[in-house]
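In: Below are the sequence and a predicted model for it; my questions follow.
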Amino acid sequence: MAGRGKLGQEQAGRRRGMGRNTKRGNMMDASQVDWKAIDSRPEFQELHRRKMGFLWGLMIFSMVYYFLLPIGAAYFQDIYKIKVWGPVNVGILFALSEFVVAWALAFIYARRANAVFDPMAAAIVREPRSRWEAANELPSLRTGRPASSRWRRSRRRRSRRARSRRSTAG
């Protein structure tokens, strides 16, 4: 994009869906995200620990259920040969039940993700820094006060008010 200037590059990026406000939402460029800082946050570690524990439980259950079919067919043939209705036996019903179990596990995961994991992730995204980082923020060298955005905003408001008072008084 040589020779376009900053405005031209920004418009070209928006046409390709890379602008700030796209239909996909406000997505950041992955190169701008500090992944190590996110990974070190206790909230993210708690989310990861809870999600992995849940997923490992689902995976172990699904693997045991899946391998019950060949193990049962090999070692418990008498049970699998029991006729249930016409030519349908326990083995066929157990094999078909694996589809039902797979869909049930997907449903269980979707409910847990929507109820627990997604709100935790949204809270992590909304809060750019952890509470610990904000509480233990080093003071600014220039002012001696924490350089938090809230303090900066209130400082700007106070200076605007002071300027407006000076202009109306004098």
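Out: That came through fine.

In: which residues in the protein form helices?
Out: Per DSSP state H, the chain carries helices over the ranges 5-15, 35-40, 42-75, 77-80, 90-112, 118-126, 131-135, 149-169.

In: Rebuild those as TSV, extending it with mean neighbour count and mean pLDDT.
Out: For every residue, glycine as well, the C-beta is placed using N, CA and C. Formatted as TSV, those follow (neighbours: other C-beta atoms under 10 Å; pLDDT from 0 to 100):
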stretch	mean neighbour count	mean pLDDT
helix 5-15	11	53
helix 35-40	11	81
helix 42-75	13	95
helix 77-80	12	91
helix 90-112	13	96
helix 118-126	12	87
helix 131-135	12	55
helix 149-169	10	66
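
In: Next, work out how far apart the closest residue to residue 90 other than its chain neighbours and residue 115 are.
Out: Nearest residue to residue 90, sequence neighbours excluded (C-beta to C-beta, 6 or more residues apart in numbering): residue 82, at 4.7 Å. As for residue 82, its distance to residue 115 is 40 Å (criterion: C-beta to C-beta, to the nearest Å).

In: Could you do residue 126 as well?
Out: 18 Å.

In: any idea how far residue 107 is from residue 60?
Out: Distance from residue 107 to residue 60, by C-beta to C-beta: 18 Å.
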